[in-house]
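Participant: Output the structure for:
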Amino acid sequence: MFFPFDPLQMIITAPALVFSLWAQWKVQSTFKHYSTQGVRTGMTGAQAAAAVLRTGGVQGVAIERHQGFLSDHYDPKAKALRLSPDVHDGRSVSSIAVAAHEAGHAIQDAVGYTPLVLRSNLVPLCNIGNQLWFLPFVIGLFLGSSPLGPMLMWAGILMFAAVVVFQLVTLPTEFNASNRAKAVLAGAGIVTTQEEAAGVKKVLDAAAMTYVAAAAAGVLQLVYLIFRAQGRRDE
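Facilitator: Numbers count the residues shown, from 1 in each chain. You can find the predicted model right below:
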């Protein structure tokens, strides 16, 4: 959330905004580039995901076709991999990289990977904080130095802090899923050349940067909110 005509917010959060825009461009351009490069095995993303699950000893996970560009995700409650059409049906380096990454999350779930468990438990709190944090903060901002004002602002900050914690916990979860994907793709013979392995790495590294950018934006926004609350208290 941006507050109008606040130079402090621009100074603090602008670098993260630029980073986020670059990360989004990078992941989309990298995916599109490697979506034109096929893999020698001729596997689709769905087939690669199934192979990764078998290699990881995971059973009972559905692989579903899901609408949307790069809307791929693993649903731990439904035990389902939901892959976008380009990934589910594609036979490219990009397709198998993304599909294998999501299968990596299913393996994490099967083995009880701690950051994934923690992230799943934080989802309800994160959703509430993400949707409602600005209400107490803005109300407290308008109330100024009255006793209720600072209290509401810090309540909003704590709610937003839950979102930032979720973003930070997401980082090891995503990096670990990518590492699992790269290892299994190579070990299972799904990726057979150095060029394919390099392409998989670039696709997954680009995707990881979007999570790093989101976490950086969240941390800097939290820093800004704390500065605003502290400044209001000192007035």
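
Participant: just the strands in this structure please.
Facilitator: 62-65, 73-75, 80-83 (DSSP state E).

Participant: Mind giving me the packing neighbours of the first one?
Facilitator: For strand 62-65, the packing partners by 3 or more CB pairs under 8 Å, 6 or more residues apart in numbering; DSSP states H and E come out as helix 45-55, strand 80-83, helix 85-88. For every residue, glycine as well, the C-beta is placed using N, CA and C.

Participant: Please name whichever of the ones you listed is nearest to Ser71.
Facilitator: With CB to CB as the measure, strand 80-83 is the member of the helices and strands packed on strand 62-65 nearest Ser71 (7.3 Å).

Participant: quick one on the thing from earlier: just put the strands of the chain in JSON lines and tack on mean pLDDT.
Facilitator: Shown next, in JSON lines, are the strands of the chain (pLDDT from 0 to 100):
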{"stretch": "strand 62-65", "mean pLDDT": "95"}
{"stretch": "strand 73-75", "mean pLDDT": "94"}
{"stretch": "strand 80-83", "mean pLDDT": "96"}
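
Participant: Now that we have those strands, can you turn them into TSV and tack on mean neighbour count?
Facilitator: Written out in TSV, the entries for these read as follows (neighbours: other CB atoms under 10 Å):
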stretch	mean neighbour count
strand 62-65	14
strand 73-75	18
strand 80-83	23
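
Participant: Now for Val138, how many residues are close by?
Facilitator: Residues lying near Val138 (other CB atoms under 10 Å) number 15.

Participant: Give me the most central residue, this structure.
Facilitator: Geometric centre of the chain, nearest residue: Tyr211, 4.4 Å, by CA atoms, centre = their mean.

Participant: Looking at the helices and strands packed on strand 62-65, spot the one closest to Gln221.
Facilitator: Within these, the stretch nearest Gln221 is strand 80-83; the backing value is 29.0 Å (CB to CB).

Participant: quick revisit: switch the strands of the chain over to CSV; also include distance to Ser146.
Facilitator: Formatted as CSV, the entries for those read as follows, by distance: least, CB to CB, whole Å:
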stretch, distance to Ser146
strand 62-65, 52
strand 73-75, 44
strand 80-83, 48
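
Participant: Was I right to think Thr55 contacts Ala188?
Facilitator: Yes. Under the criterion of CB atoms under 8 Å, Thr55 is in contact with Ala188, at a separation of 4.8 Å.

Participant: looking at the strands of the chain, which is closest to Thr36?
Facilitator: Comparison of the strands of the chain against Thr36 by CB to CB identifies strand 80-83 as nearest, at 18.6 Å.

Participant: separation between the residue nearest to the centre of the chain and Gln24?
Facilitator: Distance from Tyr211 to Gln24, counting by CB to CB, to the nearest Å: 12 Å.
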